[in-house]
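Peer 1: coordinates for the following, if possible.
(chains A, B, C and D)
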There are 2 protein chains.
Amino acid sequence: MNKRVTLADVAAHAGVSRATASLVVRDAGSLSESTRERVRSSMQALGYVYHRGAASLRASQTKTVGLILPDPGYTFMGEFTIGLESVLGDRGLLLLTANAFEDPARQDRLLQAMTENQVDGLVVIPALGTSLAFAERLERTGIPTVVATRAEAADLSTYVGIDNVLGGRLAGEHLLWHGARSFVYLGGLAGLRPRVDRLAGLKKALAAVRGARLVAERTGPALGRWAREAAAELFRTEPLPDAIVCHNDSVAFGVYRALRDVAPEAVDRMRVVSFDDVDEAALWEPPISSVAANGREVGQQTAAALLRLMDAPDADREVVLLRPELVARRSCGCAGPAGG
Amino acid sequence: MNKRVTLADVAAHAGVSRATASLVVRDAGSLSESTRERVRSSMQALGYVYHRGAASLRASQTKTVGLILPDPGYTFMGEFTIGLESVLGDRGLLLLTANAFEDPARQDRLLQAMTENQVDGLVVIPALGTSLAFAERLERTGIPTVVATRAEAADLSTYVGIDNVLGGRLAGEHLLWHGARSFVYLGGLAGLRPRVDRLAGLKKALAAVRGARLVAERTGPALGRWAREAAAELFRTEPLPDAIVCHNDSVAFGVYRALRDVAPEAVDRMRVVSFDDVDEAALWEPPISSVAANGREVGQQTAAALLRLMDAPDADREVVLLRPELVARRSCGCAGPAGG
DNA sequence: TTGTAGGCGTTATCAT
DNA sequence: ATGATAACGCCTACAA
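Peer 2: Predicted coordinates:
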């Protein structure tokens, strides 16, 4: 049970002052190379470990960025994290990650925890049902914050996300071009901002064509197993639409399972477009046409925006809207190569 | 630019000492309810935020657990995180998460960062190519550590994972029962422990049946897009095997895409079993038979083991092996209901 | 039940 | 180029 080795021990061992030793660990100040070397070897000899907590207390910055996610289960979140962390990591920042599990109350507690931990910056993808009050609390913390992907609490903060209205419009226009007239929108939790936006874009596209209409929509968790049930129910009770717009790829997977189970003859003529374009979309039978979200790039842009904010806290609030792109494969009716 | 509100300010405002105020924020000691109330309302009035960093410095525990993951892109990691965090969260522990991107050098740096941050506990799913030296460094940190899922660096630490040898055997035996004799194992990075184990289990099963043999194996990232290429290449150059064992579900998805692209007539008679059993497996056409990993449960068990370790640091090293289960659907040759 | 005093390990400031 | 000293905000004793 040996006592912790502190900078003071290192300094004593090297025959210098604590201040000097401190400059060495931080690669700061102007010291002779010989002194630096001497201190370094003392650190080695004693097995010194830098105590970032103590440094943070004194320097009042933790080199830590908080990340509040709604649910790590979605593929998008993993991709987003990769993009975020790769950029932040290059600046020596570590991520304090927490998941709200789509529960605003839990999200409140997590925000509290993040402030108590004095994170230098904060990234939030708001949970479903996030209120305006949360946006205000976020603002009041005084921590440089970027809201990403879901625009729920973004009215006061910098926001980075995808232009979902455009995404919905792209999906709609393409399906209309294929001749579809009756549409169903499937999945996405009620009130979720990206869902509202995509639907708005879709409706805008439909409004431009006579006879085109949205015949049904269903809200729910954008998961394959939910979509399978919801779609099967729909197919049993309503006439089949010409096209189905799915809130994400998982929903599309569930839709195809349901089609094969209850209306196999319709598999080939149903037109489907979904969102996100995860890897599996290209592998599906038929290959799924999808509006690509590119979570990794959203993550990178978010990191970049956060760094800008941390460097210039008084800068204006930014809004970064990334343009989505429709990757057309077979499910929409295109006859492209098997796995475009 | 107001100065930070400290406990001393709160104490002054409430007319008590710093110590008393400290007891209030921690819900500790025995104080009169009236005092507690008074201090609390002072906190409210002044907008006090607890400074966990300062507390950590003094109390030498950070209420933070480090999590080092190899790659957040795999679905399994998301599930694992959910399980881990839900248990740890109940104890007021926060996760400091970092991804090594399958790079041992980066993993070393992350471990360094975790120690500098004085995490109270550490969970590691080792990156590919993790050396024994890493296991030793892990041990030397003195931090309660649990290695999960991949047994690479687990020789010295507590380990929680799935019995992959058994998993491989289950897959093999079931496929043999269906009459398969020639096998291919596809995916998983070279040297990866779960891959080695699954393959060992599979071979053990094959050894028990005359004429059964592994005709090929391919190593690579267990991703659908990789699997698609690898499988297509295989199908073009070698005679088709009776069965393919896939390192995870994504590989199976890629295999089916390749089959449809280059050998569509074989889609129905090929027998496929994979690992993990993610949601999409049940939705695929055909529904994929998979050895269920249940990342969420692995996460929970890992958290439980870590808490045990943190409560009793001198306890013996534990090894928790979870039994996998084969979920038989259609891809293995079973004729069950569409999406069993 | 409440108050006093000292220190956790580092860094900032001012000297030398 | 290096050293002395005082914070940073809180917690742990122990005393009252």
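Peer 1: count of residues packed around residue A:112?
Peer 2: Counted with other C-beta atoms under 10 Å in any protein chain shown, the neighbours of residue A:112 add up to 14. Every C-beta, even on glycine, is put in place using the N, C-alpha and C of the backbone.
Peer 1: next: residue A:220.
Peer 2: Neighbours of residue A:220 (other C-beta under 10 Å): 16.
Peer 1: for residue A:198, what are its contacts?
Peer 2: The contact partners of residue A:198, by C-beta atoms under 8 Å, 6 or more residues apart in numbering or on different chains, come to A:164-165, A:167-168, A:171, A:185, A:188, A:245, A:247, A:275.
Peer 1: do that again at 7 Å, thanks
Peer 2: A:164, A:167-168, A:275 (C-beta atoms under 7 Å, 6 or more residues apart in numbering or on different chains).
Peer 1: for it, which non-adjacent residue is spatially closest?
Peer 2: residue A:168 (3.7 Å; C-beta to C-beta, 6 or more residues apart in numbering or on different chains).
Peer 1: and which of the contacts of residue A:198 is nearest to DNA strand C?
Peer 2: residue A:164 (42.7 Å; C-beta to the nearest atom of the strand).
Peer 1: element containing the nearest residue to that closest one once chain neighbours are set aside, please.
Peer 2: Sequence neighbours aside, residue A:197 is the residue nearest to residue A:164 in space, at 3.5 Å (criterion: C-beta to C-beta, 6+ apart). Element membership for residue A:197 (DSSP states H and E) is helix A:193-207.
Peer 1: any idea of the mean pLDDT for the next helix or strand after that helix?
Peer 2: Once helix A:193-207 ends, the next helix or strand along the chain (criterion: DSSP H and E) is strand A:213-218. When pLDDT is averaged along strand A:213-218, the result is 97.
Peer 1: buried stuff in strand A:213-218?
Peer 2: A:214, A:217-218 (16 or more other C-beta atoms under 10 Å in any protein chain shown).
Peer 1: that one pairs with which strands, parallel or anti?
Peer 2: strand A:182-186 (parallel) (DSSP bridges).
Peer 1: dump the strand it pairs with to PDB, keeping only the CA atoms.
Peer 2: Output in PDB follows, covering the C-alpha atoms of strand A:182-186 (Å, rounded to 0.1, in the frame of the first residue of the first chain):
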ATOM      1  CA  SER A 182     -50.500   6.700 -52.500                       C
ATOM      2  CA  PHE A 183     -48.000   6.900 -49.700                       C
ATOM      3  CA  VAL A 184     -47.500   5.600 -46.200                       C
ATOM      4  CA  TYR A 185     -45.000   7.000 -43.700                       C
ATOM      5  CA  LEU A 186     -43.900   4.500 -41.100                       C
END
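Peer 1: need the contact partners of it.
Peer 2: The contact list for strand A:182-186, computed with C-beta under 7 Å, 6+ apart, reads A:199, A:202, A:206, A:213-218, A:227, A:230-231, A:234, A:241-247, A:251, A:255.
Peer 1: PyMOL command to pick out the buried ones of those residues?
Peer 2: A single PyMOL command is used to select the members of the contacts of strand A:182-186 judged buried by 16+ other C-beta under 10 Å:
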select buried, chain A and resi 199+202+206+214+217+218+227+230+231+234+241+242+243+244+245+246+247+251+255
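Peer 1: near DNA strand C too, which of the contacts of strand A:182-186?
Peer 2: Of the residues in the contacts of strand A:182-186, proximity to DNA strand C by C-beta under 7 Å from any atom of the strand holds for none.
Peer 1: count the neighbours of residue A:238 for me.
Peer 2: Other residues close to residue A:238 by other C-beta under 10 Å number 12.
Peer 1: so what pairs up with the nearest residue to it once chain neighbours are set aside in the strands?
Peer 2: What sits nearest to residue A:238 in space, not counting adjacent residues and going by C-beta to C-beta, 6+ apart, is residue A:216, at 6.2 Å. Note on residue A:216: beta-bridge partners by DSSP bridges are residue A:184.
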